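Undergrad: Build me a model from this:
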Amino acid sequence: MSDGSVDLKAEARARAYAMPLDEINLADPDLFLTDTIWPYFERLRKEDPVHHHPAHLHEDGAYWSVTKFDDIMAVDTNHGVFSSEPAITIFDPKDDFTLPMFIAMDQPKHDVQRKTVSPIVSPHNLHVMEPLIRGRIQKTLDSLPIGEPFDWVDKVSIELTTQMLATLFDFPWEDRRKLTFWSDITTADATSHYFTTEDPEMERRMHLFECVDYFTRLWNERVNAPPKGDLISMLAHGEATRNMDRMEYLGNLILLIVGGNDTTRNTMTGSVLAMNQNPDQLAKLRANPSLIPSMVSETIRWQTPLAHMRRTALQDVELGGKMIKKGDKVVMWYASGNRDEDVIDNPNAYIIDRPNPRHHMSFGFGIHRCVGNRLAELQLNILWEEILTRFPEIKVVEEVTRVKSAFVKGYEKMMVVIPSRL
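TA: Numbers count the residues shown, from 1 in each chain. Next comes the predicted model:
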């Protein structure tokens, strides 16, 4: 890390503790872009773990922030009081552009739609897919340049996750980078470089309509053919999903694309960054490769690729000594819960042989727990098995460029050099 980054973090810490509590806005995407969110989380965990942010701080109005592990669990597992409808992020859906998706639905509709697609990540299916995943990872790693700088995000993280998505959808291989773009444009902050016009929301809609048009062509092919094992065929033939309208189809596509892309991709990048920042842990892993599954879980905790999820209170309810009113937005900051000192020992440290590495919040809890969590872990396990047999080190050679988002906690660019092969 450069001295500039150290100074930035010291300034952020001073600012986080100096400002009045009611001026803190955890939803400010710049705090994630600069990786200076941590002292704000820390202060709220200590001083006001169920914190009300006033309406003037956010374009979609007031919200509650829940920052401690046990309080987040209490919200995430109480589906009768905390609803996933109408949205899972701080932003409210626009009246003329609502995207229903099963992660933003309550029971029973959530359960039957989720059940339609969950067979694709069954233990049997993962066992069948493992040789394919390994072969692609081997091919990708073998194509990387030695001794020359390249962007790990683009060449490895995006490429591998996009190949996996294309397989799950049985999506035309030559167009697979469209999946990456649609994922990015869905979650991008309105001020980000993805938008080139003065109306980013209209631009976002235009691209998402292109997405649903493309997938509608695939739906029409699959619905008129015998059922197959890909996600589109499952949706087209599923009793609970075959009559979805265009916007609900788009909503569920976006859920599956973002869920299958951003999370694994950013943990793939985060794992290499964590190893650069913690060379003692890399040495530990090289000495004992059986630690890979534990390292993967620790990376998923340390990275927390989705920073938050939101619920809406269905009734007045007390949480952490605060009275949350019916209709209030309640934001569970998984990234903060994963750094809760009262639950996780030395939580800011990256320790690959923790006693209980799967004890983290990154996949959520209850009925909305990440449906593809085992697939994500499988891809990351195989990636590191193959890295350890090929490269003595992967050196990060520039400051990383992070995603400007309070939702997706990830990386846009990470320049690395692989000095040599084993």
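
Undergrad: And stretch 411-421, what's buried?
TA: Tyr411, Glu412, Met414, Met415, Val416, Ile418 (16 or more other CB atoms under 10 Å). Any C-beta I mention is one placed from the backbone N, CA and C, and that applies to glycine too.

Undergrad: any idea what sits nearest the fourth one, other than its immediate chain neighbours?
TA: The reference is to Met415. In space, and not counting its chain neighbours, Met415 is closest to Glu398: 4.3 Å by CB to CB, 6 or more residues apart in numbering.

Undergrad: Distance of that neighbour relative to Pro29?
TA: Separation of Glu398 from Pro29 (CB to CB, to the nearest Å): 21 Å.

Undergrad: higher neighbour count, the two?
TA: Higher neighbour count among Glu398 and Pro29: Pro29, with 21 against 12, using other CB atoms under 10 Å.

Undergrad: Pretty sure that one sits against Lys404.
TA: Yes: here Pro29 lies in contact with Lys404, judged by CB atoms under 8 Å, at a distance of 4.8 Å.

Undergrad: who touches both of the two?
TA: Common neighbours of Pro29 and Lys404 (criterion: CB atoms under 8 Å, 6 or more residues apart in numbering): Asp189, Thr191.

Undergrad: Would you enumerate the residues in contact with Leu31?
TA: By CB under 8 Å, 6+ apart, the residues touching Leu31 are Ala12, Ile37, Tyr40, Ala406.

Undergrad: One more pass at 6 Å, please.
TA: Listed by CB atoms under 6 Å, 6 or more residues apart in numbering, the contact partners of Leu31 are Ile37.

Undergrad: What mean pLDDT does stretch 159-172 get?
TA: For stretch 159-172, mean pLDDT rounds to 89.

Undergrad: re the thing from before, tell me the pLDDT of the residue nearest to Met415.
TA: We have a pLDDT of 96 for Glu398.

Undergrad: State the three-state secondary structure for it.
TA: At Glu398, secondary structure determined by DSSP: H, G, I helix; E, B strand; the rest coil is coil.

Undergrad: is it true that His51 lies in a strand?
TA: Yes: with three-state DSSP as the criterion, His51 is part of a strand.

Undergrad: State the distance from the residue nearest to it when sequence neighbours are not counted to Glu23.
TA: Spatial nearest neighbour of His51, chain neighbours left out: Ser65 (4.7 Å); criterion: CB to CB, 6+ apart. Ser65 sits 13 Å away from Glu23, going by CB to CB.

Undergrad: Comparing these two, which shows the higher neighbour count?
TA: Neighbour tally, Ser65 and Glu23, criterion other CB under 10 Å: the higher count belongs to Ser65, 25 against 11.

Undergrad: So the more buried one lies in a helix, does it not?
TA: No: read with three-state DSSP, Ser65 is strand and lies in no helix.

Undergrad: my read: it touches Leu26, true?
TA: Yes: with contact defined as CB atoms under 6 Å, Ser65 counts as touching Leu26 (5.3 Å).

Undergrad: For the protein, which residues score under the pLDDT cut-off?
TA: Applying pLDDT under 70 to the chain flags residues 1-5, 92-121, 366-372.
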